[in-house]
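Chemist: what shape does this take:
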Amino acid sequence: GVDTSHVATAVVGNGAIPALVQLLGNGDPPTQREAAFTLGNICSPWGSIDAPQGVQPLTQAVASGLVPAALHVAEAADLVSAQTALQLLYCVLTRLPQGPSMVNAAGGAAVLTCLVHSSGNEVVRQLASQCFDSAAGSSDTGL
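Modeler: Numbers count the residues shown, from 1 in each chain. Modelled structure (predicted):
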């Protein structure tokens with residue numbers, strides 16, 4: 001594979017992550033979609049940019065307000081954005097020790113419960129359920 005660690009280092013070092021989180025939380029739907037996609041590539045272990053397990057970019061994104069922004073986008077009508085936002089939340093929940101408490105503190109349980117029960121999209125429901133289970137610290141949440 002191609003070594004892209006220098007790309008992640010440049011993105012983190014040049015302040016792109018806080019700007020992307022800002023766009024995720026406050027942009028119009030097409031901008032939110034692009035910001036979610038880009039953050040997913042930078043912060044997730046399955047993204048296209050190889051960082052040290054993506055933890056440093058993820059930590060910077062969380063410090064910049066990723067959790068409330070991703071919860072907001074997860075409720076959006078745009079299914080691609082919602083799915084990507086839920087994948088980002090899942091990264092926070094499973095890769096950062098403080099992830100579940102941060103998601104819960106931002107009102108995540110209520111948002112995720114609503115999505116599990118009322119989303120018209122099966123993928124969104126499944127992702128929300130996985131996030132809810134991780135936030136609750138149990139795979140048996142009764143949902």
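Chemist: surely Val80 meets Arg33?
Modeler: Yes. Val80 lies in contact with Arg33 (C-beta atoms under 8 Å); the separation is 5.7 Å. All C-beta atoms are positioned from the backbone trio N, CA, C, and that covers glycine.
Chemist: now do the buried residues in the top helix by length along the chain.
Modeler: If you go by DSSP state H, the chain has its longest helix at helix 79-95. Neighbour-count burial for helix 79-95, counted by 16 or more other C-beta atoms under 10 Å, picks out 81-93, 95.
Chemist: go on, stretch 62-78?
Modeler: Under the neighbour-count criterion of 16+ other C-beta under 10 Å, stretch 62-78 has 62, 64, 66-75 buried.
Chemist: can you tell me how far Gln22 is from His72?
Modeler: For Gln22, the distance to His72 (C-beta to C-beta, to the nearest Å) stands at 12 Å.
Chemist: which helix or strand in this protein has the lowest average pLDDT?
Modeler: helix 5-13 (a mean of 66; mean pLDDT, DSSP states H and E).
Chemist: tell me the gap between stretch 16-23 and the middle of its chain.
Modeler: 13 Å (C-alpha atoms, centre = their mean, to the nearest Å).
Chemist: quick check: angle from the host helix or strand of Ser129 to helix 79-95?
Modeler: Using DSSP states H and E, Ser129 sits in helix 122-136. Here the directions of helix 122-136 and helix 79-95 differ by 20 degrees (axes from the mean of the first three to the mean of the last three C-alpha atoms, to 10 degrees).
Chemist: and Gly40, how close does it get to Val62?
Modeler: 14 Å.
Chemist: what pLDDT does the model give the residue nearest the centre of the chain?
Modeler: Geometric centre of the chain, nearest residue: Leu88, 1.9 Å, by C-alpha atoms, centre = their mean. pLDDT, Leu88: 94.
Chemist: which ones are touching the spatially closest residue to it that is not a sequence neighbour?
Modeler: Leaving aside its sequence neighbours, Leu88 sits nearest to Ala70 (C-beta to C-beta, 6 or more residues apart in numbering; 4.9 Å). By C-beta atoms under 8 Å, 6 or more residues apart in numbering, the contact list for Ala70 reads 24, 36, 85-86, 88-89, 92.
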